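Undergrad: Need coordinates for the following:
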Amino acid sequence: PPPPPPAFIGSSALFALYAALLAALYRAFNDEVREPYMDEPFHVRQTQSYCAGNWTEWDEKITTFPGLYAATALLVRGWAPGCELPLLRTVNLIPALATPPLLLAQLRLLYPSLSTTDALANSAVLSLLPTHFFFHFLYYTDSAATASVLLFLLLLSQQVASAGAPPERKRSIGSFGSSGGGGGLLLRLATGPLGVGGAAALALSIRQTNAVWLMHGVISASLTQLADGRSIDPAETRLLPASGALLLALPRKLPHLCARHLPVLSLLSGFAAFVVRNGGVVVGDAAHHRPTLHGAQLLYLTGLASAPFCAERLTASLLPTLRGAAAAA
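TA: Purely as a prediction, here's the structure:
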């Protein structure tokens, strides 16, 4: 048989190093932090209640949906009924291990011209983001919530990339599937409306604020479909004319878009009804989790969202300034 390609060898070696790092840090965490840390007591107690078969018992201090707790209990209660803390923390290593492959597949899908080295480096850097990486070793919802959103966005991106394209141009998700055989069938099922909707339901069941990412995914996919599959480069696009063209195309394509994203839109509608009926986003402890207007965050968001449209101008003016400063020094 032919030798494996360098890309496979590189990604396998990087994944092995990442897994070894997770194992070493997991052991260090459990050796040093033997008791539940920060909010872990709430998550651990709720999961242990489910492990004991008390499915109607609920801790009013918990603010998130019970997706992680229920999935963990169903996964481990058959062979570890006690659901002790080290075992619960081990469950979070599953989404931790899934994060790099999901990121790598998404990068390859969105940037097909990206070199293997760059794709691997970017997926490694993103996987090690401190505010994300730290929670792999605690029984929190962060790891599973992030991995489930990455899965949703990946399946949705593949759905958009494959829609209307001839078979020879369809891009597959790494080794997830292929254009023919059983793998192709699995790929079509996973990237169909029900597959994408299932990933969305998983993400929402673990953390309700993932509804923001579901909306982002549907809007982003709809904009691409309104543009007939053409990518929109912010640096080369005038915002107002492009927005006008998309709005003109909306009435004609709206029924198709709604049908395509019906499962996710149904989830979002149900979540909106829950928020209205519940009087807020959080499930419990609402007194300490009230939404407030944060003007600084809105300014940060505005700057971040508008930066791609100004990148070329900023670069054109910044580089001569830096060169002048370097020459003067």
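Undergrad: after the helix or strand of the chain with the lowest mean pLDDT, next one along is what?
TA: The weakest-scoring helix or strand in the chain, judged by mean pLDDT, DSSP states H and E, is helix 181-190 (a mean of 56). Using DSSP states H and E, the next helix or strand after helix 181-190 towards the C-terminus is helix 193-206.
Undergrad: Tell me which other helices or strands the helix or strand just after that next one touches.
TA: If you walk from helix 193-206 toward the C-terminus, the next helix or strand you reach (DSSP H and E) is helix 211-226. With contacts taken as 3 or more C-beta pairs under 8 Å, 6 or more residues apart in numbering; DSSP states H and E, helix 211-226 sits against helix 142-162, helix 193-206, helix 239-260, helix 262-278. To be clear about C-beta, it is placed using only N, CA and C from the backbone, and glycine gets the same treatment.
Undergrad: How about residues contacting stretch 36-49?
TA: In this structure, residues lying in contact with stretch 36-49 by C-beta atoms under 8 Å, 6 or more residues apart in numbering are 57-59, 61-62, 66, 68-69, 72-73, 82-83, 85, 88, 138-141.
Undergrad: next one: stretch 198-215
TA: Here stretch 198-215 makes contact (C-beta under 8 Å, 6+ apart) with 64-68, 70, 141-142, 144-145, 148-149, 151-153, 155, 217, 263-264, 267-268, 271, 281-283.
Undergrad: start to end distance for that stretch?
TA: End-to-end distance of stretch 198-215: 15 Å, with C-alpha to C-alpha, to the nearest Å as the criterion.
Undergrad: which residues of the protein score low on pLDDT?
TA: For the chain, applying pLDDT under 70 flags the ranges 1-10, 81, 163-189, 191, 227-250, 285-289, 308-309, 311-317, 329.
Undergrad: Which single helix of it contains the most residues?
TA: Taking DSSP state H as the criterion, the chain has its longest helix at helix 295-328.
Undergrad: Could you give the separation of that helix from the chain centroid?
TA: Mean-position distance between helix 295-328 and its chain equals 28 Å (C-alpha atoms, centre = their mean, to the nearest Å).
Undergrad: Same check on stretch 151-165?
TA: Using C-alpha atoms, centre = their mean, the offset of stretch 151-165 from its chain centre is 14 Å.
Undergrad: show me the contacts for Pro95.
TA: Neighbour list for Pro95: His136, Ser143, Ala144, Thr146, Ala147, Ser148 [criterion: C-beta under 8 Å, 6+ apart].
Undergrad: if we go to 10 Å?
TA: Pro95 is in contact with 68, 102, 135-136, 141-148, 150-151, 206, counting by C-beta atoms under 10 Å, 6 or more residues apart in numbering.
Undergrad: List the buried residues of the one helix or strand it maps to.
TA: Pro95 belongs to helix 93-110 when assigned by DSSP H and E. By neighbour count with 16 or more other C-beta atoms under 10 Å, helix 93-110 contains the buried residues 93, 95-109.
Undergrad: and what of stretch 23-30?
TA: In terms of neighbour count (16+ other C-beta under 10 Å), stretch 23-30 has its buried residues at Tyr26, Phe29.
Undergrad: Mark which of the contacts of stretch 36-49 are buried, thanks.
TA: Buried members of those, counted by 16+ other C-beta under 10 Å: 59, 62, 66, 68-69, 72-73, 83, 85, 88, 138-141.
Undergrad: Quick one, which of the helices and strands packed on helix 211-226 gets closest to Ala325.
TA: Closest to Ala325 of these, according to C-beta to C-beta: helix 239-260, at 31.5 Å.
Undergrad: Now tabulate the helices and strands packed on helix 211-226 in JSON lines and tack on distance to Tyr50 and mean neighbour count.
TA: Converted to JSON lines, those look like this (distance: least, C-beta to C-beta, whole Å; neighbours: other C-beta atoms under 10 Å):
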{"stretch": "helix 142-162", "distance to Tyr50": "15", "mean neighbour count": "23"}
{"stretch": "helix 193-206", "distance to Tyr50": "13", "mean neighbour count": "22"}
{"stretch": "helix 239-260", "distance to Tyr50": "35", "mean neighbour count": "12"}
{"stretch": "helix 262-278", "distance to Tyr50": "21", "mean neighbour count": "14"}
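Undergrad: now these in CSV, with distance to Ala121?
TA: What follows is the helices and strands packed on helix 211-226, written out as CSV (distance: least, C-beta to C-beta, whole Å):
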stretch, distance to Ala121
helix 142-162, 18
helix 193-206, 26
helix 239-260, 32
helix 262-278, 32
